[in-house]
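Chemist: I would like to see how this sequence folds:
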Amino acid sequence: MTTALFTVPRLPAQLGYAGLLPFLVLSVAIWLAPATYQILINQALLLYASLILTFMGAVHWGLAMFQTQGDYRTQLGFSVVPALVAWVALFLPEIINYSVLIIAFALLCLFDTRMSKLGRTPNWYPYLRSPLTAVVVTCLIVAQLQYLP
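Modeler: Next comes the predicted model:
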């Protein structure tokens, strides 16, 4: 295979990396901001992470709708799981909800890679998702450390 198949198109890369800005800013701000703002920053980060996780799951809904061959039910069915997990995570204590989101992002990245190997995503998709997921997970871990005893 040629490397052109694995080159991430410019616009998805730009938008994907731009989407990291709130993760980066909020995960640092939670450590640097005065205590009076930490609750707000924590809520903002958890809400943003939940929205992005939901969005990333919805990508599979969109992709599955265009499948004309094979069994698309797994991809379609799985597409709603990230939204449900993200919603539940919002109601959990900080130390737990961060863990749930970290695990969910990692598992979704594995699912993305699996779907790519099955030809159900663009070939370049895991080459975008993997580094983005690494940054997201790192940011969530950095923020979660604020809540460790």
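Chemist: chain center to the helix or strand that contains residue 23: distance?
Modeler: In the assignment (DSSP states H and E), residue 23 maps to helix 21-32. Remark: helix 21-32 is offset 16 Å from the chain centroid, using C-alpha atoms, centre = their mean, to the nearest Å.
Chemist: can I get the CA coordinates of that helix in CSV?
Modeler: Presented in CSV, the C-alpha positions along helix 21-32 are these (Å, rounded to 0.1, in the frame of the first residue of the first chain):
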residue,chain,number,x,y,z
LEU,A,21,-7.5,23.0,22.5
PRO,A,22,-10.2,22.9,25.2
PHE,A,23,-8.7,19.6,26.5
LEU,A,24,-5.2,21.2,26.7
VAL,A,25,-6.4,24.5,28.2
LEU,A,26,-8.8,23.1,30.7
SER,A,27,-6.5,20.3,31.9
VAL,A,28,-3.8,22.9,32.7
ALA,A,29,-6.2,25.5,34.0
ILE,A,30,-7.6,23.1,36.6
TRP,A,31,-4.2,23.1,38.2
LEU,A,32,-3.4,26.8,37.9
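Chemist: what ranges do the helices span in the chain?
Modeler: Counting by DSSP state H, one finds helices in the chain at the ranges 10-18, 21-32, 35-65, 73-78, 81-89, 94-117, 125-145.
Chemist: show me what contacts the residue lying closest to residue 51 once chain neighbours are set aside?
Modeler: Leaving out its chain neighbours, the residue that sits closest to residue 51 by C-beta to C-beta, 6 or more residues apart in numbering is residue 86, at 7.5 Å. The C-beta positions use only the backbone N, C-alpha and C, and glycine is treated the same way. Neighbouring residues of residue 86 by C-beta atoms under 8 Å, 6 or more residues apart in numbering: 49-51, 53-54, 101, 104.
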